[in-house]
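> Output the structure for:
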Amino acid sequence: MGTLDAVISSVRFASGNLQFAPLHEEDYVFVAHADLLQQKPMKGPQDAQQHTLIDAHPDLPLFRYLLETMAQAPLWTFGRTELVGTIAAIRLRVLQGVGVAVLPRYFVQDDLANGQLLELMPDMQLGRDRFRLIWAAKNPLRTEIAALADQLRQIALR
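Here you go, the predicted model:
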């Protein structure tokens, strides 16, 4: 009692005490609100100074999905950085036209389809990640947790 049997996360880790099962791949996209881009185009790092980067934490975990795909990452100097903690808050701020962000495609696919958000640098394939079901290697329920992972893989991300 008082312990977790398993957790779902896309966090990267390295520990011999943990096991994991991959669940769903995550594709990422660099996005901005259509109205913001009409006022201030964003074609690449040279335009970053006039934009606010919205991300989750100070180490910019989502923007790294863009940086990691560039062979020689140019300097991106944004006019401002706003840290909001969650992808839901990032999406909201981007929909409000506050700035640009890297977000999971599944999370903004409807916004992209209806034209509220536009994909920046669409020819660039951003980094990928995956959701994982993670549990302690010695968990007595490890067989049941692995079976749960099989079931979770059948549920589409939304």
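
> For the chain, which segments are assigned as helices?
All helices of the chain, identified by DSSP state H, fall at 34-39, 64-67, 87-95, 105-113, 142-152.

> Compare these and give me the one nearest L23.
Of all the helices of the chain, it is helix 142-152 that lies closest to L23, at 5.2 Å by CB to CB. To be clear about C-beta, it is placed using only N, CA and C from the backbone, and glycine gets the same treatment.

> pLDDT weak spots in this structure?
Across the chain, residues meeting the criterion (pLDDT under 70) sit at 1-2, 13-14, 73, 158.

> and the protein, what are its domains?
Following the assignment in automatic domain parsing, the chain carries domains at 7-24+130-152, 27-127.

> The lengthiest strand in the chain: partners in the sheet, and parallel or antiparallel?
Scanning the chain for the strand with the most residues, using DSSP state E, yields strand 18-33. When sheet partners are counted by DSSP bridges, strand 18-33 sits next to strand 101-104 (antiparallel), strand 117-119 (antiparallel), strand 128-136 (antiparallel).

> got the CA coordinates for that strand in CSV?
As requested, C-alpha coordinates have been extracted for strand 18-33 and formatted as CSV (Å, rounded to 0.1, in the frame of the first residue of the first chain):
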residue,chain,number,x,y,z
LEU,A,18,13.1,-0.7,-13.8
GLN,A,19,11.5,-2.5,-16.7
PHE,A,20,9.4,-0.9,-19.4
ALA,A,21,7.1,-1.7,-22.3
PRO,A,22,6.9,0.7,-25.2
LEU,A,23,3.3,1.8,-25.9
HIS,A,24,2.9,4.6,-28.5
GLU,A,25,5.3,6.6,-30.6
GLU,A,26,5.0,10.3,-30.4
ASP,A,27,5.7,12.6,-33.4
TYR,A,28,6.4,16.2,-32.6
VAL,A,29,5.6,19.4,-34.6
PHE,A,30,6.8,23.0,-34.4
VAL,A,31,3.6,25.1,-34.4
ALA,A,32,2.2,28.6,-34.1
HIS,A,33,-1.2,30.2,-34.4
